[in-house]
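Colleague: What shape does this take:
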Amino acid sequence: MFQNNKSIKSKYKLESVISEDLVSHCYQGVSKDGDILAWKVKRDFLNTDSVKNCIASAEKLMEIRHPNILPVLDYFYDGKDFFLVQELTDDFVTFDIFLKDKKNWNSKLLWKIVVQILAGLIEIESKGLVYGSLNLNNIYVNSKSQVRLTNIQLPVDLLKPIITQVDVYEECIFYAPEFIQRGDYFVSSDIYSFGMLLYYLFAKRWPYKNSSSLSILKESLTKDPRPLDLEKGRVPKKLELMIMTCIAKDPKKRFNSFEELIRNYKKNIVETISDDSELSAKQDVEGEGTGMIEKEIENSLTIRRLKGQNGILKMLLVLLFSILFFGSLYVAYQLYAVAIPVKNVPSIRGLAVDDALSVLETHQLSGEVISQRTSAWYPKGFVLDQSPQYGRKVKASRVIKLYVSDGVKQVLVPDIIGKNLNEVESVISLQDTEIKIVGQQFSQSFPEGAVIEQYPTPNNFINHNESVSIVVSQGYPVGMKVDTVAPSLFFNYEGFGQCSISFSLLSDWKPQDVSIYFIDKDKKKDKLYSDVHFPNDKLTLEFRLKIGGRIQVFFNDDLALDRIVKITPKPVIQLENEETTTLGGKLSSSERDDSSVDDSELSDDTLNKSDSSF
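Modeller: Predicted structure coming up:
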């Protein structure tokens, strides 16, 4: 379930869900530089291969800078979720919403938008990518009729393995027949989607029955598309021919590329499709087998109908066959049970395959490798499991099934930068990987307890038994301790504490305006201190403050410390060789980062204000 103001990478804040499709959720959010769109892939579609594909596509998309494509700013995989982050500016809305305003159904305006969509598609094709999800919800338009394309490549990467098993998908009318029937997708499939868009914009209806059911769409695809409306010259003849070429059911009948589409349209070749035209020549080579996809769809629908009609008959045949089969099997088993000697199955787990087969042979048994699996511990070629199991009694010459290691399991390293230790533990536990804290550093960018650095870096693969090393933020170099106030003959300090606030600036930091505030139980706020400090400055300030109030320390308006004033417990003395247990391992005191600064270090240069009481 979505949580408002969820942050990713400590850089992007997701504010609301604005859309959802079969494979992803789309969020609107903000970063320090402006508004963003973030696409979150649903976990059901994430596995090692799909994550690799998403990362490869995201890397290519980040290289695209085109006025008609929403820039991809970043991507992020934390071991559980994959996000793709895009920049969103101005007053962009989806094309679907834009068209709900009737005044936007202006032919010149629509043509202006189509030209921009086409420019974006040419750029995508030039980068070796396909759009893969061109539809009314993935095209963004603003009040100036400027176009931005989004949600590129990733949806088709995720849908390819499963599209033939899917029966319901919104906007499926935009997908080419070869994709919904076979899972094949090419540039010509994008051209089909572009043709569908043009048909809808200029005919104000669809060439086939529009349904989210793929079965209904396939039924429609076995028929000819509705002709375009040419009344009143709304659709020029050459545009009509171009659209109908784009939405040809056979991909070989379409244009090979968007460049070819433009070239044919500009030369007006499409108007006649003459015998010497580029498209006609391509069709002649292909012969008359132009209905391959259509025939495949018809055959699949016919098979589906037959399955429904013959279901009862098949069930009766299966039942009859089952009775005959199991009856004969029972008779054969009775003969078998008394004729062959019984053997005990030996344990062969952990043995090399050749050794396992030799052991089975000495027990008058044989073995067969059934499958190979990745393993956490066993090297390649060693037996992971066996069936039947060790100790079972079986007949001599029985074939024992062997499940063999295909090598040590590889784990994809998630991006845990910016996550706190509890979140890191949750993510890493799913990966079954060990985490080692190798250092701590002060940081202006990350809150205390967040991960600053990790090695290996995100999206690399490591072996199952390897670990991920992290450096954890200590936040700002600010410390506070509160002691009891020494008794005085002249003042009653009951309910007060002697508060020491120590801070420093690291050598590579810029000057900071440091301010300290005290907020009492009645919410009254007093400024205790404010001054500009420079790199390498160290300072300790002391105040007598009421117990139960709150201290806040700011560095350049960033909250560095927020703590209740209460007596600090006495520290527990730790032996020199004692080790501190951390996530997934141990961290000795000698491993702590040298940049750590405690109160005693900060007290070398102090400014004491022991007379101040609040």
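Colleague: On the three-state scheme, G418 is what?
Modeller: State at G418, reduced to three classes by DSSP: H, G, I helix; E, B strand; the rest coil: coil.
Colleague: Grab the nearest non-local neighbour of it.
Modeller: Here the nearest residue to G418 in space, its sequence neighbours aside, is S10; by C-beta to C-beta, 6 or more residues apart in numbering that works out to 3.3 Å. Using the backbone N, CA and C atoms, a C-beta is placed for each residue, glycine as well.
Colleague: can you pull the contacts of that neighbour?
Modeller: Taking C-beta atoms under 8 Å, 6 or more residues apart in numbering as the definition of contact, the neighbours of S10 are I417, G418, S445, F446, A450.
Colleague: same thing with Y140?
Modeller: Remark: with contacts taken as C-beta under 8 Å, 6+ apart, Y140 is in contact with L70, L88, F92, V93, T94, F95, V147, R148, L149, T150.
Colleague: Equivalent analysis for V485, please.
Modeller: For V485, the contact set (C-beta under 8 Å, 6+ apart) comprises Y493, F496, G497, Q498, R544.
Colleague: still on that earlier bit, what distance do you get for the residue nearest to G418 to E425?
Modeller: Computed with C-beta to C-beta, to the nearest Å, the distance linking S10 and E425 is 17 Å.
Colleague: Just the buried residues of whichever strand or helix holds L360, please?
Modeller: Element membership for L360 (DSSP states H and E) is helix 353-362. By neighbour count, with 16 or more other C-beta atoms under 10 Å as the criterion, the buried positions of helix 353-362 are V353, A356, L357, V359, L360.
Colleague: Which of the residues you listed sits closest to P535?
Modeller: Lowest distance from P535 to those (C-beta to C-beta) belongs to V353, with 63.7 Å.
Colleague: Verify the stated contact: the closest one with V369.
Modeller: Yes - with contacts defined as C-beta atoms under 8 Å, V353 counts as touching V369 at a distance of 6.5 Å.
Colleague: which residues are common contacts for those two?
Modeller: Counting by C-beta under 8 Å, 6+ apart, the residues touching both V353 and V369 are L402, V404.
Colleague: burial measure for D49, as a count.
Modeller: The local packing count at D49 equals 10, with neighbours defined by other C-beta atoms under 10 Å.
Colleague: any idea how far L351 is from it?
Modeller: Using C-beta to C-beta, we find D49 at a distance of 31 Å from L351.
Colleague: What of L88?
Modeller: Applying C-beta to C-beta, the value for L88 to L351 is 58 Å.
Colleague: ok, now A396?
Modeller: To L351, A396 is 21 Å away according to C-beta to C-beta.
Colleague: Of these two, give the one with the bigger neighbour count.
Modeller: More neighbours sit around L351 than around the other of A396 and L351, counting by other C-beta under 10 Å; the figures are 20 against 12.
Colleague: Quick one: residues contacting the more buried one.
Modeller: With C-beta under 8 Å, 6+ apart as the criterion, the residues that contact L351 are V359, F382, V383.
Colleague: Tell me, how many residues neighbour K237?
Modeller: Using other C-beta under 10 Å, K237 has 14 neighbouring residues.
Colleague: and L73, that's in a strand?
Modeller: Yes - residue state for L73 (three-state DSSP) corresponds to a strand.
Colleague: Against V451, how distant is it?
Modeller: Distance of L73 to V451, computed by C-beta to C-beta: 21 Å.
Colleague: Which one's more surrounded, those two?
Modeller: For L73 versus V451, the count of surrounding residues by other C-beta under 10 Å is larger for V451: 23 against 19.
Colleague: Name whatever forms a beta bridge with that one.
Modeller: Under DSSP bridges, the beta-bridge partners of V451 are V472.
Colleague: list the contacts for it?
Modeller: V451 makes contact with I416, I417, G418, K419, N420, L421, V424, I470, V471, V472, S473 under the criterion C-beta under 8 Å, 6+ apart.
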